[in-house]
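1. structure for the following, please:
(2 chains)
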Amino acid sequence: MLPALPKTQLLAQCRKMLLIRHFEERLIGLHWEGRFRGHYHVYIGQEATGVPAISLLQPDDLLFSTHRNHGHILARGGDPGRLLAEILGRRDGYNGGKGGSFHTSPRELGFLQCSGVVGGILPLGAGAAYAAKSRGTGQIAVCLFGDGALEEGAVPEAFNLASLWKLPVLFLCENNGKYGAGNAVGAAQSATMAAYPLTDLPAAYKIPVQQVDGIDAGAVHDALSESIVAIRAGGGPRFIETRTVRWPGSATNWPVVKAPTTVELARDVSQVPEDVRGWYRDSDPVLRFMRELVESGQAGTGELRVLNQSVVEQIAAAVDFAFDSPYPELAEAETDVFAENR
Amino acid sequence: MRQLAYHEAKLEALRELMEEDDRVHLIGGTFFSLSPHRLKFAAIEDAYPDRVAAPPISELGFCGLATGAAMAGLRPVVDLTTGSFLFEAWPQVCNEAANVLYMSGGQVRAPVVFHMLHGLRGGGAAQHSASPQAMLWNCPGLEIVLPSSPRDVKGLLKSAVASDNPTVFIDHSGLFDIEGAVPEADHIPLGQADVKRHGADVTVIGTSFTVQRALAVAETLASEGIGVEVVDPRTLVPFDLDTVMASVEKTGRVVVVDETHQSCGVAAEIAARIVESGFDKLKGPIRRVSTLDVPVPYSPPLEAHIGPSEERITRAVRESLE
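-> Next up is the predicted model:
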């Protein structure tokens, strides 16, 4: 279902989902064209988690993400040109080229750290929440991470601290099924995690937990709305697990686009290669969101085509911006190791 | 000038920090580990119940929490008790806190202080006696502070908290009861070495507790007419090479004393810097007096045997004069 929001906001969410999708598809293309090096992780398949969730935050809330951060940054209103410039290691990247794909972290959007250390942001997020609580700022901290994070020791330590000290932090676990941890809602054991469902872990620390279908934007919106209100009211941390089905393009270490996203695909997936067709038909959150917009009468197909085209053009401009940006001066390698005291 | 015991100067710094800046939070232990002085910390705890936090046994978790709190506007000071427990927190200290400013392209600061006691302490054995400063020195992004006197512990602790960078404050329980002059208000900037004793014949560079050992050796050798100059860098990062080299130019003979293990230790790096910048000033090889490259043994005579004792320092000074 769609989030219970006015049409303008639904279209804004749709646009952000398409922006993420086209950004990642283009990024994959640039990789195969040999136009940049380095590893990267795409957010395809999780758009209906990040976009509704991040739309619910306040401008001064504090965000922490992981190596899979592109979608979060774009959902927060990030500029795809500066994001791509960072991934390319260019001067105009959000971090001046020093972070790269794994660590792009725009402070101006409220991101304090996007860490490539699995599970590493949970103690940091608890700490930002500790600061917000102690200073009485009304901010909350949000940690966005994958299911694999729960295998790291830092995570239960952060759960314990956040729960004991009633810290205003949202732990949003995006279970993208990489490790098969709970492929069906409820319970399923994975080869790498003895605890299942994953919510058992935070629940053991007395953190209220919830599982949500991560391709259902309306369900994500509802769960997040309720949790964020509770956290802001001083109720302590919350844990939400959104469950998505792994995008088949991520089956290999270097992702492959099997079927470029179009508005037509939302209606008809018959042109998608048969071995992956089921994902696009049943598990693609962006196609589903567009389908629901049309079926509910919130938008016509023509309207979505215009929207989609504007995103495609924005991405093309972002690619030009990023490649036009020069590499940083070599002297930059030796700056920002230490800060001068303010 | 007034005289204070080291532990009094340290407590005074903690008290003043809490009074002066409500962003300062103390998270962890009592800053005196198992020494009897830990009981005096209770007064600070009582005065600031909302800013002194006793966390669960979760070094990884609470060092990360303190780092995140620093990124979001506080000035947390974490007490890990012994430096050995820093290993539990390594990913948050070395892979998150140390990197955040650089990875963010200068956008995000983490002004957190990680406090711990290091070194041979009498019965600490292999798992409670670590001196992690050499490993940390190989981790760009961390400031490293090693006080050795009452004046230094107060002045440097205040500067560590004032710093906008993640700072590791490495103290030593062997110092707690020494007495010394402490001015009322005295911030000591990070990166300023201190010549603790002047002498013309041999430069002995020490850090932390080994400064006191070096001073004792210098006193003894003075009666034989040997002038030992004792130089204390006080901070490894930033490192005041100028003050060290001024002394090296004067004496031409160098002994470096510290409690890290010898291989890739603090003495190794200091010796390398001296050789690189002033080989022609040296009258002979630099000598290192470090902890032997073995895990720390429990048995008292064995523990004493592996450390930088006064006997070993004295021998190294004499050798440098041969």
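
2. CA atoms for contacts and neighbours, from now on please.
-> Will do.

3. any regions of chain B where pLDDT drops low?
-> Judged against pLDDT under 70, chain B has no low-scoring part.

4. right, I mislabeled it, should have said the stretch 101-250 of chain A
-> For the stretch 101-250 of chain A, applying pLDDT under 70 flags the ranges A:178-189.

5. which positions in it make contact with chain B?
-> For the stretch 101-250 of chain A, the residues in contact with chain B (CA under 8 Å from any CA of the partner chain) are A:103-107, A:112-113, A:115, A:117, A:120, A:123-132, A:154-155, A:157-158, A:161.

6. which ones among those residues are found in strands?
-> Taking DSSP state E, the ones among those that sit in strands are A:L112, A:Q113, A:S115.

7. in this structure the second one contacts A:I121, no?
-> Yes. The pair A:Q113 and A:I121 qualifies as a contact (CA atoms under 8 Å) at a distance of 7.3 Å.

8. list residues touching both of those two?
-> Common neighbours of A:Q113 and A:I121, counting by CA atoms under 8 Å, 6 or more residues apart in numbering or on different chains, are A:F64, A:S65.

9. A:I140: which of the ones in strands among the residues of the stretch 101-250 of chain A next to chain B is nearest?
-> A:L112 (12.6 Å; CA to CA).

10. how about the strands of the stretch 101-250 of chain B, start to end?
-> B:113-117, B:143-145, B:167-171, B:179-181, B:194-197, B:202-206, B:228-232, B:235-237 (DSSP state E, counting those that start in this stretch).

11. ignore what I typed, I meant the stretch 151-300 of chain A.
-> Applying DSSP E, counting those that start in this stretch to the stretch 151-300 of chain A gives strands spanning A:169-175, A:209-213, A:238-243.

12. Serialize those strands to a markdown table and add fields for mean neighbour count.
-> Below are those laid out as a markdown table (neighbours: other CA atoms under 10 Å in any protein chain shown):
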| stretch | mean neighbour count |
| --- | --- |
| strand A:169-175 | 26 |
| strand A:209-213 | 19 |
| strand A:238-243 | 25 |
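
13. same list (these) but as JSON lines, adding distance to A:Q271.
-> What follows is the strands of the stretch 151-300 of chain A, written out as JSON lines (distance: least, CA to CA, whole Å):
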{"stretch": "strand A:169-175", "distance to A:Q271": "28"}
{"stretch": "strand A:209-213", "distance to A:Q271": "26"}
{"stretch": "strand A:238-243", "distance to A:Q271": "26"}
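
14. and of the ones you listed, who's closest to A:G249?
-> Among those, if distance is taken as CA to CA, the winner is strand A:169-175, at 16.4 Å.

15. with just CA atoms, put the closest one into PDB.
-> This file holds the C-alpha atoms of strand A:169-175, laid out as PDB (Å, rounded to 0.1, in the frame of the first residue of the first chain):
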ATOM      1  CA  VAL A 169      18.000   6.100  18.700                       C
ATOM      2  CA  LEU A 170      16.200   4.200  16.000                       C
ATOM      3  CA  PHE A 171      18.000   1.100  14.800                       C
ATOM      4  CA  LEU A 172      16.700   0.400  11.300                       C
ATOM      5  CA  CYS A 173      17.900  -2.900  10.100                       C
ATOM      6  CA  GLU A 174      17.400  -3.400   6.400                       C
ATOM      7  CA  ASN A 175      17.400  -7.200   5.900                       C
END
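
16. contacting residues around it?
-> Residues contacting strand A:169-175 (CA under 8 Å, 6+ apart): A:46, A:49, A:122, A:125-126, A:129, A:140-147, A:162, A:181, A:214, A:227-228, A:231, A:236-244.

17. got the domain ranges for chain B?
-> Using automatic domain parsing, the domain ranges for chain B come out as B:3-181, B:194-321.

18. winner for burial among the ones you listed?
-> For these, average neighbour numbers computed from mean count of other CA atoms under 10 Å in any protein chain shown are highest in domain B:3-181, which has a mean of 22.

19. check whether it comes near chain A.
-> Yes. Using CA under 8 Å from any CA, domain B:3-181 reaches chain A at B:55-56, B:58, B:60-74, B:91-92, B:95-96, B:99-109, B:140-141, B:162-165.
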